[in-house]
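> Provide a 3D model corresponding to the input given below.
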Amino acid sequence: MTKSELIEQLTTENDVLNKREAELIVNSIFDSIGSALVGGDRVEIRGFGSFTVRERDAREARNPKSGDIVQISAKKTPFFKTGKELRERVNIS
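Numbering: from 1, shown residues only. Okay, the predicted model is just below:
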């Protein structure tokens, strides 16, 4: 599901929301999660999962095209861990 599909689904399931309001809600949620992660906080949505920031160490890697060894600097990357309830819902088939 894309962001625009999520907005469209919100407007079809909720008669009180128009497309602009639904887009504002979705953008606000995503911006809040992003801002919290930038600030070093952990975001947990019960039953869905949690977002954290993980630090990756500097390392050496190989360029697959040329075979040359390149240096990759240390960096932070967002990480999502699914919640138990979501995992169970996905695995019910």
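> dig out what the most centrally placed residue in the chain forms beta bridges with.
Nearest residue to the geometric centre of the chain (Cα atoms, centre = their mean): residue 80, 6.4 Å. Beta-bridge partners for residue 80, by DSSP bridges, are residue 51.
> pretty sure it is touching residue 49, no?
Yes: counting by Cβ atoms under 8 Å, residue 80 touches residue 49, with 5.7 Å between them. (Glycine included, C-beta is placed from N, CA and C.)
> still on that earlier bit, roughly how far apart are the residue nearest to the centre of the chain and residue 12?
To residue 12, residue 80 is 26 Å away according to Cβ to Cβ, to the nearest Å.
> same deal with residue 78?
Residue 78 sits 30 Å away from residue 12, going by Cβ to Cβ.
> so between those two, which is more surrounded?
Neighbour comparison, residue 78 and residue 12: the larger count goes to residue 78, with 13 against 10 (by other Cβ atoms under 10 Å).
> shouldn't the more buried one be in contact with residue 53?
Yes: taking Cβ under 8 Å as the definition, residue 78 is a contact partner of residue 53 at 6.0 Å.
> list residues touching both of those two?
Counting by Cβ atoms under 8 Å, 6 or more residues apart in numbering, the common neighbours of residue 78 and residue 53 are residue 37.
> around the residue nearest to residue 30 when sequence neighbours are not counted, how many other residues sit close by?
Once flanking residues are discounted, residue 30 sits nearest to residue 3: 7.9 Å by Cβ to Cβ, 6 or more residues apart in numbering. Residue 3: 11 surrounding residues under other Cβ under 10 Å.
> how far away is residue 3 from residue 33?
13 Å.
> what residue ranges in the protein are flagged as low confidence?
For the chain, the stretches flagged by pLDDT under 70 are 93.
> so which residues of the protein form helices?
In the chain, the helices defined using DSSP state H lie at 3-13, 19-38, 84-91.
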